[in-house]
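Student: Starting from these lines, generate the structure:
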Amino acid sequence: MSRICAIGANVYDTLILLPEYPREDTKLAADSIRVAGGGPAATGLVAAAKLGSAVGVVTEFIGSVAGDERGKFLLDDFRRRSVGVDNITVEKNCESFCSFVMLSAETKTRTCVFHRGSKPPLELNASQLGAVKSADILMVDGNELDAAIDGARAIHSVGGKVLYDAGGLYSGIERLLPEVDILIPSEEFALGFTGCDNADDAAKRLYEQFSPEVVVITQGKRGGIVYSGGEVRSYPIIDTIVVDSNGAGDVFHGAYAFALTQGYDYYICALFASATSSLKCTRVGARDAVPTLNEVKNILKENGYEL
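Tutor: Below is the predicted model:
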């Protein structure tokens, strides 16, 4: 039985579906407004949980939530999605990390405004460290940085792997990068961090500087690239009708982590994750839109790919 855990942001999202983005100093009626759980590693973990439910993959979030109503919602959301919560502590007298996400029906893109709240930084306790050590893969996203580094060192002590969803250029992330085995940055991160002007060179520089096992750079509608010391390989996206791209990157990372537990090589993991992310984009939402394992296998087969 494989185990995946995660340390990172766990966010209370308010999703606002709009016909188009509003102009400054105007009013615009929303098509719908609803709340959902969010955060890169947290949502990635939900994706891994759904994909893994048919094959016995166990998932657990390691962290804390604020003791407000938003924090309660986030705990309940994990529970109903079969993500373990035994090692989530509740911090009193503070506010949750929250965001407002505007989704444009016109452009099929999203714009996010967030507030980190007032929850204190996570310090891993003995139980949480033990839970990390019992996992095969630790997913991190650059949030809760000190705890992520401690978790990475803990899982390495027992032979586990660290997968880093590198989406934001957070202060201090250069301390985390040497602890990463599976480095999956966005193209924006890769170019911004390295100063390179193309993804191929950025992948090589990240690989040479920090020595991960693999660098996978995601490039949105163009798919992405995989580099593990040989040739740079490009992976495609699966063509679908995009309804909502919010959370597509988070789902990609969770699907990649799941695929690793199934023994796929790095390129096949990227192809699997790309198909999962593409299917997610055909539905509104991030966590609610994660496809099943059979759906992913079917769309890959329909496009000529056999796992």
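Student: ok, residue 114 - contacts?
Tutor: Neighbour list for residue 114: 11, 97-100 [criterion: C-beta atoms under 8 Å, 6 or more residues apart in numbering]. Heads up, the C-betas are built off the backbone N, CA and C, glycines and all.
Student: and with 7 Å instead?
Tutor: 98-99 (C-beta atoms under 7 Å, 6 or more residues apart in numbering).
Student: Skipping its backbone neighbours, what lies nearest the residue most central in space within the chain in space?
Tutor: Nearest to the geometric centre of the chain sits residue 250, at 2.9 Å (C-alpha atoms, centre = their mean). Nearest non-adjacent residue to residue 250, counting by C-beta to C-beta, 6 or more residues apart in numbering: residue 43, 3.8 Å away.
Student: Need the three-state assignment for the residue nearest to the centre of the chain.
Tutor: Three-state assignment for residue 250 (DSSP: H, G, I helix; E, B strand; the rest coil): helix.
Student: And the strands in this structure?
Tutor: Here the chain has its strands, by DSSP state E, at 3-7, 11-18, 32-38, 58-61, 63-66, 88-91, 98-104, 110-115, 137-140, 161-166, 182-185, 214-218, 224-227, 233-235.
Student: can you tell which of these is closest to residue 202?
Tutor: Residue 202 sits nearest to strand 214-218 of all these, at 6.6 Å, using C-beta to C-beta.
Student: What's the mean pLDDT across the closest one?
Tutor: Averaging pLDDT along strand 214-218 gives 98.
Student: helices or strands up against that strand?
Tutor: strand 182-185, helix 187-194, helix 199-210, strand 224-227 (3 or more C-beta pairs under 7 Å, 6 or more residues apart in numbering; DSSP states H and E).
Student: so what does the second one touch, helix or strand wise?
Tutor: Spelled out, it's helix 187-194. Where contact means 3+ C-beta pairs under 7 Å, 6+ apart, helix 187-194 is packed against helix 199-210, strand 214-218.
Student: Out of the ones you listed, the one nearest residue 55 is which?
Tutor: Nearest to residue 55 among the helices and strands packed on helix 187-194 is strand 214-218 (22.2 Å), distances taken as C-beta to C-beta.
Student: now what about the closest one, what contacts it?
Tutor: Outside strand 214-218, the residues that touch it by C-beta under 7 Å, 6+ apart are 182-187, 190, 199, 202-203, 206-207, 224-228, 249, 252, 266, 270.
Student: Against residue 259, how distant is residue 96?
Tutor: Distance of residue 96 to residue 259, computed by C-beta to C-beta, to the nearest Å: 31 Å.
Student: ditto for residue 55
Tutor: Distance of residue 55 to residue 259, computed by C-beta to C-beta: 11 Å.
Student: neighbour-wise, which of the two wins?
Tutor: For residue 55 versus residue 259, the count of surrounding residues by other C-beta atoms under 10 Å is larger for residue 259: 23 against 12.
Student: List the residues that contact the more buried one.
Tutor: Residue 259 is in contact with 268-269, 272-273, counting by C-beta under 7 Å, 6+ apart.
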